[in-house]
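sequence first, predicted model second:
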Amino acid sequence: MNFNFSERMDGMSGSATREILKLLSRPELISFAGGFPATQCLPQREVLEISNEILSSDKVVAALQYGSTEGFNEFREQIIEYVKGVGIQPLNLDQVQVLSGGQQGIDLMSKAFLNKGDVVLVEDPTYLTALQIFSSYQAKIVGVSTDESGMDLNDLEAKIKKHNPKILYIVPTFSNPTGKTYTVENRKAIAELTAKHNCMVLEDDPYSRLRFEGTPVPALQSFDKVGNVVHVTSFSKVLAPGLRTGAAIGHKDVIRKITICKQGVDVSTVNLSQLIVANYLKKGYMTPNINKSLPIYRERKNAMMAAIKKYMPEEYKHTDPEGGLFIWGSIKGLDMVSLMPKAIERNVAYIQGSVFYADGGHNDTFRLNYSNATAEKIDTGIKALGTLLKEEVAKLK
Ligand SMILES: Cc1ncc(COP(=O)(O)O)c(C=O)c1O
């Protein structure tokens, strides 16, 4: 059969992360490749308790029947309260669309705004699946450079003027892959600049609650004066990715279009999961459970930093994040793409950095995840990786 796929599939291959995640089933492999929350942070007891309550009460019908596309009002009200925690002002219900995971927000924004050839600006590097989504809508993706404070504002303004982009996509708090957080001033400047040039901003925020050091920074949307910022929050990293819940928050006219796009995607919205998360928030479980998780993430990040110091070549330059799940770094001269099979042979996995760049390249970069391995495994895995990379660095000399 000659499969006549759509043009939008041209050049689209499966996500590198997903391919590597398949290897996780090998028990001897220590993976720093994924972005999984720590298994012991998944709130099994609470989810069991709440599910039992829902399924043994009259809520069972709402849980198991079709529901509205927008999501339950009860849950949207909880979300309005939840995002106050990142400085987002009280909203109306029509500004909140429940999502089946935060990633769906990227897809629905693309569906609502992008025509073939439209430009999307992204921070370079950025979340690789967002790159895939924008490509699937046949957008032209243009990378904007970053600096210590966040986005390089001169580069951003120059690229806005040159390309007249439809969307600026950013992960301004504990970015995936870099772990970087934009300063308050940088956020304000981005909000002003994009508003002035009529460019939508998609603020993707799955990680801001996972701060184990430093001072919290308000969401970029809290500086939005014209309604051009859509904030996407997710319950994947703070509760459970398997529940597939998140929300898009923005101007009511934009949210309405997102709802219409969603109607064609999955009709109604993960009802049982919505009720579980709504009740989890209502019972006040979220904050204590995040507070229980943060020391685990802090300990694992510190374990990785200590192992890096012990085992990695001194040429390795890397970040030291205050939250989120990732350490980002590079070793000048090494090709981390072609080294991947060698690392896997030694039972350790990372993600090559090139996949996070709009135009590829940057083969000397790579991302390490510290959330999903014990401190002991982190030590073993970084030792294996460090030994390999030291051998490879020696070959360069
Ligand atoms: C930046 C970013 N956005 C979105 C997602 C997907 O989140 P969700 O599980 O809520 O769909 C991830 C997951 O790793 C991510 O890192």
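Yes, it's here.

list the contacts of residue 321.
174, 179-180, 301, 327 (CB atoms under 8 Å, 6 or more residues apart in numbering). In short, each C-beta sits where N, CA and C put it, glycine included.

try it again with 6 Å
Residue 321 is in contact with residue 179, counting by CB atoms under 6 Å, 6 or more residues apart in numbering.

what do you get for residue 390?
residue 313.

look at it and give its secondary structure.
Assigned with DSSP: H, G, I helix; E, B strand; the rest coil, residue 390 falls in the helix class.

that one and residue 78, how far apart?
To residue 78, residue 390 is 50 Å away according to CB to CB, to the nearest Å.

the host helix or strand of residue 168: partners in the sheet, and parallel or antiparallel?
Counting by DSSP states H and E, the element that carries residue 168 is strand 167-170. Strand pairing for strand 167-170, using DSSP bridges, gives strand 119-123 (parallel), strand 200-205 (parallel).

wait, residue 160 touches residue 195, no?
No - applying CB atoms under 6 Å, one finds residue 160 not in contact with residue 195, separated by 11.1 Å.

the more surrounded of the two?
Neighbour count, other CB atoms under 10 Å: between residue 160 and residue 195, residue 160 has more, with 21 against 17.

just the strands in the stretch 101-250 of the chain please.
For the stretch 101-250 of the chain, applying DSSP state E, counting those that start in this stretch gives strands covering 119-123, 140-144, 146-147, 150-151, 167-170, 200-205, 229-234, 246-249.

do the fifth one and the ligand meet at all?
When you say that, I think you mean strand 167-170. No - using CB under 6 Å from any ligand atom, strand 167-170 never reaches the ligand; the gap is at least 9.4 Å.

give me the contact list for that strand.
The list of residues contacting strand 167-170 from outside it, by CB under 6 Å, 6+ apart, reads 113, 120-123, 130, 194, 199-202.

just give me the closest of those to the ligand.
Closest to the ligand out of the contacts of strand 167-170 is residue 130 (6.7 Å), distances taken as CB to the nearest ligand atom.

where is the longest helix in this structure?
Secondary structure of the chain per DSSP state H: the longest helix is helix 286-311.

what's it packed up against?
If contacts are counted by 3 or more CB pairs under 6 Å, 6 or more residues apart in numbering; DSSP states H and E, helix 286-311 sits against helix 375-396.

and the helix it packs on, which residues are buried?
Neighbour counts over helix 375-396 (16 or more other CB atoms under 10 Å) mark 377-386, 388-390, 392-393 as buried.

alpha carbons only: can I get the strand holding residue 168 in CSV?
The C-alpha coordinates for strand 167-170 follow below in CSV (Å, rounded to 0.1, in the frame of the first residue of the first chain):
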residue,chain,number,x,y,z
ILE,A,167,2.8,33.0,18.7
LEU,A,168,5.8,33.3,21.0
TYR,A,169,6.1,29.9,22.9
ILE,A,170,8.0,30.0,26.2
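
distance between that strand and the chain's centre?
13 Å (CA atoms, centre = their mean, to the nearest Å).

ok, how many other residues are close to the closest residue to residue 31 other than its chain neighbours?
Nearest residue to residue 31, sequence neighbours excluded (CB to CB, 6 or more residues apart in numbering): residue 349, at 4.4 Å. The number of residues packed near residue 349 is 23, by other CB under 10 Å.

check the gap between residue 349 and residue 337 for me.
Residue 349 is 13 Å from residue 337, by CB to CB.

residue numbers of the stretch 101-250 of the chain in contact with the ligand?
101-103, 127, 171, 176, 204, 206, 234, 236, 241, 246.

give the buried subset of those residues as a ChimeraX selection command.
The buried subset of those, as determined by 16+ other CB under 10 Å, is captured in ChimeraX by this line:
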select :101,102,103,127,171,176,204,206,234,236,241,246
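
farthest pair within the residues of the stretch 101-250 of the chain next to the ligand?
Greatest spatial distance in these: 171 and 241, 16.3 Å, computed using CB to CB.

so who does residue 89 touch?
By CB under 6 Å, 6+ apart, residue 89 has no neighbours at all.

doesn't it belong to a strand?
No - secondary structure of residue 89 (three-state DSSP): coil, not part of a strand.

okay, now the unreliable bits of the stretch 101-250 of the chain?
Nowhere does the stretch 101-250 of the chain drop to pLDDT under 70.

show me where it has helices.
Remark: helices assigned in the stretch 101-250 of the chain by DSSP state H, counting those that start in this stretch are 102-113, 128-136, 153-163, 184-196.

what does the shortest one contact?
This points to helix 128-136. By CB under 6 Å, 6+ apart, the residues outside helix 128-136 that reach it are 8, 15, 106-107, 110, 120, 141, 169, 355-356.

buried ones in stretch 207-220?
Using 16+ other CB under 10 Å as the test for burial, stretch 207-220 gives 207-212, 217-220.

and the two most separated of those residues?
Using CB to CB, the pair of those lying farthest apart is 212 and 220, separated by 21.4 Å.

deepest of the helices of the stretch 101-250 of the chain, which one?
Most buried of the helices of the stretch 101-250 of the chain by mean neighbour count (mean count of other CB atoms under 10 Å) is helix 102-113; its value is a mean of 24.

ok, back up a step: check the offset of the longest helix of the chain from the chain's centre.
Taking CA atoms, centre = their mean, one finds helix 286-311 lying 18 Å from the centre of the chain it belongs to.

ok, the helix or strand immediately after that helix in the chain: who's next to it in the sheet?
Sequence order places strand 317-318 as the next helix or strand after helix 286-311, per DSSP H and E. Next to strand 317-318 in the sheet, as set by DSSP bridges, lie strand 326-330 (antiparallel).

which residues sit against the partner strand?
177-179, 316-319, 364-365, 367-369.

tell me which residues in the helix or strand just after that strand are buried?
The helix or strand immediately downstream of strand 326-330 is helix 340-345, counting by DSSP H and E. Judged by neighbour count (16+ other CB under 10 Å), helix 340-345 contains these buried residues: 340, 343-344.

and what of stretch 46-64?
46-47, 49-51, 54, 59, 62-63.

most widely separated two among those?
46 and 62 (19.6 Å).

quick one on the thing from earlier: filter the contacts of strand 326-330 to the buried ones?
177-179, 316, 318-319, 364-365, 367-369.
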